[in-house]
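Asker: I would like to see how this sequence folds:
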Amino acid sequence: MENFPAPADPSPGQSPAAAVAETAADRRNETTLRFLAAPTDRGKSGTVDAGRVLEWVDKAAFATATGWSGSYCVTAYVGNIHFEYPVQVGEMVEVTATVLHTGRSSMHINTTVRSGDPKTGILTERARCLVIFVAVDDEGRSTAVPEFVPRTLEQELAQDYATSRIPVRDEIADELSRHEYTEAGTAERVVLRFLAAPTDVNWGGKVHGGIVMEWIDTAAYLCSARYCGRDTVAVFSGGIRFLHPLHIGDLVEVEARLIYTGHKGMHIAVKVRSGDPKGGPLQPTTNCITVMVARDHEGTSVPVPPWEPVSEEDQRLWQHARTLLRIRGQAPGNRLPNHLLDQQPREED
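Answerer: As a prediction, this is how the structure comes out:
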């Protein structure tokens, strides 16, 4: 991991914020983690699960965010992540996280995962996504971060990309927030319940965003595998918004529900809720859409049975998935892969 220079002590009469701003130009805006994918990283289908990759993404982005801000940071959002190819156990893994843009307290960080044979050193891109972290003070309130000012044309273009995603992200968040899931739905559904353990937390006392994303991947896998009767893997996860912090001992509920099928992709809506295990309502913690594909014994993706909506809620959630596809398809520079574009024919299409 990269080493970051410590913020300079304030000069007499100078505020800590001014001192942080002074040293911003000397801060490194990039972190690279390198390690081997271990046997303990092996997932349900023999390769490294998407949830573990997302945990690596969160760690690298966290290192960059804390190094840039000089503060404790929390995951606020993980944007569209496409899993191009699986990471194999034993491969050298390289996760690079780079600051693209800063707001008052937020940092937009591009994270790229590469892996390959450690004997050759040739690494291939496996996944890429945009992660947003927010810096917070000792009371958990958002705090200002040094401004990132691009110094090269490449950095300017990357910042333009990050800012162009803001309205798209807001539209996706609004669409996700408008839909509830009740017993009126008839689609495949899985609910996991457990307590957040001490091993799940980071040094700030909150549950790692990466751990939450592992839970999401597990629930999506169970839901999709039960639906199609095959091993499944995540090929896409999007709109992962962290709404409320999780603490040690919280009761955690992870609900995954099928809402749409394409030719190969199964769109799984996942909602994470948490709260006091002694009683009271559970609060929304995280939500997202994960797309899973089925694989045969040779690891090749195969078609899945089409799911036909039955109830009014089924119809509403089916259209919800289509709306998210439309929003993502219109995003600047966004090219949806085939597993997101392949849609079952219906009379209204």
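Asker: and stretch 87-105, which residues are buried?
Answerer: Across stretch 87-105, burial judged by 16 or more other CB atoms under 10 Å covers 87-89, 91-103, 105. In short, each C-beta sits where N, CA and C put it, glycine included.
Asker: how close does residue 118 sit to residue 43?
Answerer: Using CB to CB, to the nearest Å, one gets 20 Å for the distance from residue 118 to residue 43.
Asker: show me where the stretch 201-349 of the chain has its strands.
Answerer: 231-242, 251-261, 265-275, 283-295, 301-302 (DSSP state E, counting those that start in this stretch).
Asker: show me the shaky parts of the stretch 151-300 of the chain.
Answerer: Flagging of the stretch 151-300 of the chain using pLDDT under 70 yields the residue ranges 202-205.
Asker: my read: residue 208 touches residue 55, true?
Answerer: Yes. Under the criterion of CB atoms under 8 Å, residue 208 makes contact with residue 55 at 7.0 Å.
Asker: who does residue 274 form a beta bridge with?
Answerer: residue 252, residue 283 (DSSP bridges).
Asker: report the distance from whatever helix or strand residue 172 lives in to the chain centre.
Answerer: Applying DSSP states H and E as the criterion places residue 172 in helix 153-177. In terms of CA atoms, centre = their mean, to the nearest Å, the centre of helix 153-177 is set 15 Å apart from its chain centre.
Asker: may I see the buried residues of that helix?
Answerer: 155, 158-159, 161-162, 165, 168-169, 171-172, 175-176.
Asker: and residue 259, how many neighbours does it have?
Answerer: 26 (other CB atoms under 10 Å).
Asker: typo on my end, it should be residue 68
Answerer: 25.
Asker: show me the domain layout of the protein.
Answerer: 16-144, 189-341 (automatic domain parsing).
Asker: got CSV for these, with distance to residue 151 too?
Answerer: What follows is those, written out as CSV (distance: least, CB to CB, whole Å):
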stretch, distance to residue 151
domain 16-144, 9
domain 189-341, 22
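Asker: of the ones you listed, which is nearest residue 183?
Answerer: Nearest to residue 183 among the domains of the chain is domain 189-341 (9.0 Å), distances taken as CB to CB.
Asker: what about the closest one, distance to the chain center?
Answerer: Offset of domain 189-341 from its chain centre (CA atoms, centre = their mean): 11 Å.
Asker: restricted to helices, list the buried residues of stretch 87-105.
Answerer: Among the buried residues of stretch 87-105, no residue falls in helices (DSSP state H).
Asker: how about the residue most central in space within the chain, what does it touch?
Answerer: The chain has residue 78 as the residue nearest its centroid, 3.8 Å off, counting by CA atoms, centre = their mean. Residues near residue 78 by CB atoms under 8 Å, 6 or more residues apart in numbering: 54, 57-58, 129-132, 209, 213, 237, 240, 288.
Asker: so how far is residue 309 from it?
Answerer: Residue 78 is 28 Å from residue 309, by CB to CB.
Asker: and residue 151, by the same measure?
Answerer: Look at residue 151 and residue 309: by CB to CB, they are 51 Å apart.
Asker: higher neighbour count, those two?
Answerer: Neighbours were counted for residue 151 and for residue 309 using other CB under 10 Å; residue 309 has more, 18 against 10.
Asker: and stretch 219-238, how far apart are its ends?
Answerer: 15 Å (CA to CA, to the nearest Å).
Asker: i'd like the first residue to be 58 from this point on
Answerer: With 58 as the first residue, the last one maps to stretch 276-295.
Asker: and the pLDDT for the residue nearest to the centre of the chain?
Answerer: We have a pLDDT of 92 for residue 135.
Asker: where's it relative to residue 185, distance?
Answerer: 12 Å.
Asker: tally up the residues packed near the residue lying closest to residue 98 once chain neighbours are set aside, please.
Answerer: Leaving aside its sequence neighbours, residue 98 sits nearest to residue 105 (CB to CB, 6 or more residues apart in numbering; 4.9 Å). Neighbour count of residue 105, defined by other CB under 10 Å: 25.
Asker: tell me who's in contact with residue 105.
Answerer: For residue 105, the contact set (CB under 8 Å, 6+ apart) comprises 94, 98-99, 143-146.
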